[in-house]
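Enquirer: need the 3D shape of this:
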Amino acid sequence: MPRTAPVLPGVTAPEYDVSQPLDVDYAAAFADVAPAERAHQLAVRQFVQDEVLPVIDGYWERAEVPFDLVKKLAEHDFLRDGVDVPGRPRISFMAEGLASMEMSRGDGSVATICGVQGGLALRSIVMHGSPEQVERYAEPMARGEILGAFALTEPTHGSDSVSLETTARPTVRDGVEGYVIDGEKKWIGFGSCGDITVVWARLDDPDAGERHGQVHGFIVPQDAPGYTGTTIEGKMALRAIWQAHIQLDDVFVPADAALPGATSFKATAAVLFATRLAVAWSAVGHAVACYEAAVQYSTQRVQFGKPLAAKQMVQERLTRMLSTVTQLQLLVGRLTELADAGRLTGEQASLAKYSCTRGAREVASVARDMLGGNGILLANRVARHFADIEALHTYEGTESMNALIVGRDITGTSAFA
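Expert: Have a look, this model is predicted:
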């Protein structure tokens with residue numbers, strides 16, 4: 001007779017469900033938001049539960065872009081990241097902030113997809129494009145039919161992007177007036193797998209007077225001759241969105257590819273200012289995800305005969321995480337009220353980004369430690385957020401750059417060097 005293997009104690013590891021939303025808002029920071037804003041938040045939360053969480057670990061581990069999710073984001077009108085598109089309902093800063101928090105609570109790559117497509121590429125065209133450009137691109141981008149990239153950072157110009165070296169030179173080619181663009185860009189989301197790229201380049205035209213040497217914006221098709229976008233491999237964060245190293249070698253675009261409202265770095269800065277607060281909200285979403293996972297894990301994981309949640313040290317850590325999350329929520333909530341009232345300053349947005357990514361890192365670190373060995377498994381959420389926060393902490397202005405922006409406001413003295 002065949003022998004039956006004995007069932008040994010402690011061999012089969014239990015599975016932990018750490019994916020459920022806990023509606024974390026301990027200080028009621030969002031209790032008084034408008035019903036439409038709350039509905040938008042909950043719609044994104046449901047999308048995360050139904051569409052993102054069941055599949056994202058696989059995409060993240062394989063470093064693949066979830067293009068099927070991109071289509072679904074567009075179908076739910078989440079892809080434009082709150083940017084005003086003619087014919088579509090306006091979304092308040094508060095509603096979009098809550099949406100950014102919920103999307104990042106699900107996954108940083110998916111939230112970044114929305115930020116690149118809507119917050120950066122689409123916003124550049126809507127803010128600085130001609131009526132014809134807006135009509136041509138805005139609605140198709142909102143529908144996900146045209147995927148866009150935003151190319152500012154260069155291999156040797158990150159924090160000092162104001163010093164970018166990519167050039168755009170007026171020329172006539174085959175009887176068509178336009179520009180020849182030369183240079184390189186790096187860390188460009190969708191730059192190797194999209195349709196168009198908003199390229200920021202310095203105008204090389206001595207006859208243009210004061211405009212010579214100023215930073216201008218151009219809509220460049222990714223299939224233009226001379227445009228090469230190479231996906232950056234080996235990333236340990238935001239693995240489900242591709243960033244590219246772009247080479248622009250004698251790329252010709254017609255004159256109507258220039259964004260007429262983007263004729264200095266102030267135009268670029270205006271786009272970045274509009275997105276910085278959204279990045280702070282995203283950091284809060286990552287922190288919430290880590291806190292949720294820690295709470296749920298602590299009630300299910302049994303050690304020494306009791307759930308971890310019954311241990312004093314664990315309760316102190318949960319309280320520490322909740323304290324940080326609550327402070328971040330109150331900060332972004334108040335600053336978003338100022339944004340909706342048209343009173344948010346660049347320095348305030350920088351403080352939000354500085355504070356929220358720092359706080360999110362702290363929460364993720366405590367949560368990762370609390371989960372022990374299980375904290376490095378994708379299935380338990382924390383590891384993915386732990387890694388993705390590192391990218392969030394750097395882009396849209398590093399901690400140091402945002403600190404210098406706020407420091408200049410405090411002291412009246414610039415320390416940029």
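Enquirer: separation between the residue most central in space within the chain and A294?
Expert: Centroid-nearest residue in the chain: T112, 3.3 Å away (criterion: C-alpha atoms, centre = their mean). Note on T112: its distance to A294, by C-beta to C-beta, to the nearest Å, is 24 Å. The way it works is simple: take the backbone N, C-alpha and C, and place the C-beta from them, glycine included.
Enquirer: just checking, what packs against whichever strand in the chain runs longest?
Expert: In the chain, ranked by residue count with DSSP state E as the criterion, the top strand is strand 176-189. If you count contacts as 3 or more C-beta pairs under 8 Å, 6 or more residues apart in numbering; DSSP states H and E, strand 176-189 packs onto strand 148-151, strand 167-173, strand 196-203, strand 215-221, strand 243-254.
Enquirer: re the thing from before, gap between the residue nearest to the centre of the chain and Y227?
Expert: Taking C-beta to C-beta, one finds T112 at 22 Å from Y227.
Enquirer: same deal with L164?
Expert: Relative to Y227, and taking C-beta to C-beta, L164 is found at 17 Å.
Enquirer: before we move on, back to that, okay, the helices and strands packed on strand 176-189, which one's buried deepest?
Expert: Highest mean neighbour count of these: strand 148-151, a mean of 28 (counted as mean count of other C-beta atoms under 10 Å).
Enquirer: who's in contact with that strand?
Expert: Applying C-beta atoms under 8 Å, 6 or more residues apart in numbering, the external contacts of strand 148-151 come out as 116-117, 120-122, 124-125, 137, 141, 185, 188-191, 194-200, 220, 222, 244, 246, 271.
Enquirer: which residues sit in contact with A142?
Expert: With C-beta under 8 Å, 6+ apart, A142 has these contacts: 74, 77, 79-80, 85, 88, 118, 122.
Enquirer: related to what we said a few turns ago, list the contacts of the residue nearest to the centre of the chain.
Expert: Here T112 is in contact with 189, 238, 241, 391 (C-beta under 8 Å, 6+ apart).
Enquirer: and what of L22?
Expert: Counting by C-beta under 8 Å, 6+ apart, L22 has contacts 291-292, 295-296.
Enquirer: helices - which of those residues land there?
Expert: 291-292, 295-296 (DSSP state H).
Enquirer: now the residues you listed as JSON lines including neighbour count and pLDDT?
Expert: Output for those, formatted as JSON lines (neighbours: other C-beta atoms under 10 Å; pLDDT from 0 to 100):
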{"residue": "Y291", "neighbour count": "25", "pLDDT": "98"}
{"residue": "E292", "neighbour count": "23", "pLDDT": "98"}
{"residue": "V295", "neighbour count": "21", "pLDDT": "98"}
{"residue": "Q296", "neighbour count": "19", "pLDDT": "98"}
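Enquirer: export these to JSON lines and tack on distance to D107?
Expert: Listed next are these as JSON lines, based on distance: C-beta to C-beta, whole Å:
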{"residue": "Y291", "distance to D107": "16"}
{"residue": "E292", "distance to D107": "14"}
{"residue": "V295", "distance to D107": "19"}
{"residue": "Q296", "distance to D107": "17"}
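Enquirer: now, among those residues, which is nearest to S414?
Expert: Y291 (37.1 Å; C-beta to C-beta).
Enquirer: list the contacts of the closest one.
Expert: 22, 24, 318, 321-322, 325, 363, 367.
Enquirer: okay, now the closest residue to V215 other than its chain neighbours: neighbour count?
Expert: Sequence neighbours aside, F265 is the residue nearest to V215 in space, at 4.4 Å (criterion: C-beta to C-beta, 6 or more residues apart in numbering). When neighbours are defined as other C-beta atoms under 10 Å, F265 has 19 of them.
Enquirer: over to M321?
Expert: Using other C-beta under 10 Å: M321 sits among 26 other residues.
Enquirer: equivalent analysis for the one 4 residues further on, please.
Expert: Around V325 sit 24 other residues, with neighbours defined as other C-beta under 10 Å.
Enquirer: which element is the residue nearest to the centre of the chain on?
Expert: helix 108-114 (DSSP states H and E).
Enquirer: how far away is A201 from G194?
Expert: For A201 relative to G194 (C-beta to C-beta), the value is 18 Å.
Enquirer: and if you look at A151?
Expert: 10 Å.
Enquirer: how about G234?
Expert: Taking C-beta to C-beta, one finds G234 at 21 Å from G194.
Enquirer: assign the residue lying closest to L98 once chain neighbours are set aside to helix, strand or coil.
Expert: Distances taken as C-beta to C-beta, 6+ apart put Q41 closest to L98, at 3.8 Å, once the chain neighbours are dropped. Following DSSP: H, G, I helix; E, B strand; the rest coil, Q41 is assigned to helix.
Enquirer: list the contacts for Q41?
Expert: Contacts of Q41 (C-beta under 8 Å, 6+ apart): 30, 33, 95, 98-99, 101-102.
Enquirer: farthest pair within those?
Expert: V33 and E102 (12.9 Å).
Enquirer: what about those two, which has more around it?
Expert: E102 (28 against 20).
Enquirer: if I look at that one, how far off is L335?
Expert: Counting by C-beta to C-beta, the gap from E102 to L335 is 18 Å.
Enquirer: what do you get for P131?
Expert: Distance from P131 to L335, by C-beta to C-beta: 32 Å.
Enquirer: okay, these two: which has more neighbours?
Expert: L335 (23 against 9).
Enquirer: how near is the more buried one to L328?
Expert: For L335 relative to L328 (C-beta to C-beta), the value is 11 Å.
Enquirer: repeat that for S19.
Expert: 21 Å.
Enquirer: quick one: which of these two has more around it?
Expert: Neighbour count, other C-beta under 10 Å: between S19 and L328, L328 has more, with 27 against 17.
Enquirer: enumerate every residue touching R317.
Expert: 294, 366, 369-370.
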